[in-house]
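Trainee: model this:
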Amino acid sequence: MADKKIVLKNVEVNWAKLFDAAPKWQSTELEYSIDVKVNDQLAKLMKDYKLNKQTKNKDTAFNGADFITLKLDEKTKNGWVRYGEVFDKEGNPSSDLVGNGSKVNLFVSLGDSPYGNIIKLGPVSYTHLTLPTKRI
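Mentor: Below you'll find the predicted structure:
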């Protein structure tokens, strides 16, 4: 399958790591990530394209609803550096952090890999931004 670009509309997100890439699991390489609550559109997409992605379910995220984590490597295999992107409602670049429970339009890329069809993170455009709460 050639890469296909899709917009997931008005999805709820948590744990957005979009401005500062975080270390990948047991690696020194970095990645951007965001947890996305599975809605009807995402569930249909996962089924129709037979995506190699397992849903997770934790009481602490999305009140126990199913979700997936989307990731994007900071560097491509050719060494190009990528950046997390967030846009406001008007389509302008934004430096606002995306808080837990925010509703966003999420651009994703579908493609194939040796492990099956995959879904990758793209730019985020928020429809309703929830500001992160400060922890004391």
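
Trainee: number of residues surrounding the closest residue to K24 other than its chain neighbours?
Mentor: Sequence neighbours aside, E31 is the residue nearest to K24 in space, at 5.0 Å (criterion: C-beta to C-beta, 6 or more residues apart in numbering). Any C-beta I mention is one placed from the backbone N, CA and C, and that applies to glycine too. For E31, the tally of surrounding residues (other C-beta atoms under 10 Å) stands at 19.

Trainee: contacting residues for E31?
Mentor: Neighbour list for E31: A21, A22, P23, K24, K71, L72, D73, E74 [criterion: C-beta atoms under 8 Å, 6 or more residues apart in numbering].

Trainee: which of those residues are buried?
Mentor: Applying 16 or more other C-beta atoms under 10 Å to the contacts of E31, the neighbour count classes A21, K71, L72, D73, E74 as buried.

Trainee: hang on, the second one packs against Y32?
Mentor: Just to be clear, that refers to K71. Yes. Taking contacts as C-beta atoms under 8 Å, K71 lies within contact range of Y32: 6.8 Å.

Trainee: just the ones in strands from the contacts of E31, please.
Mentor: Under the assignment DSSP state E, the contacts of E31 contribute A21, A22, P23, K71, L72, D73 to strands.

Trainee: give me the mean pLDDT for stretch 41-50.
Mentor: Stretch 41-50 shows a mean pLDDT of 92 in the predicted model.

Trainee: apologies, that question was intended for stretch 114-126.
Mentor: The predicted model assigns stretch 114-126 a mean pLDDT of 85.

Trainee: N63: what secondary structure?
Mentor: helix (DSSP: H, G, I helix; E, B strand; the rest coil).
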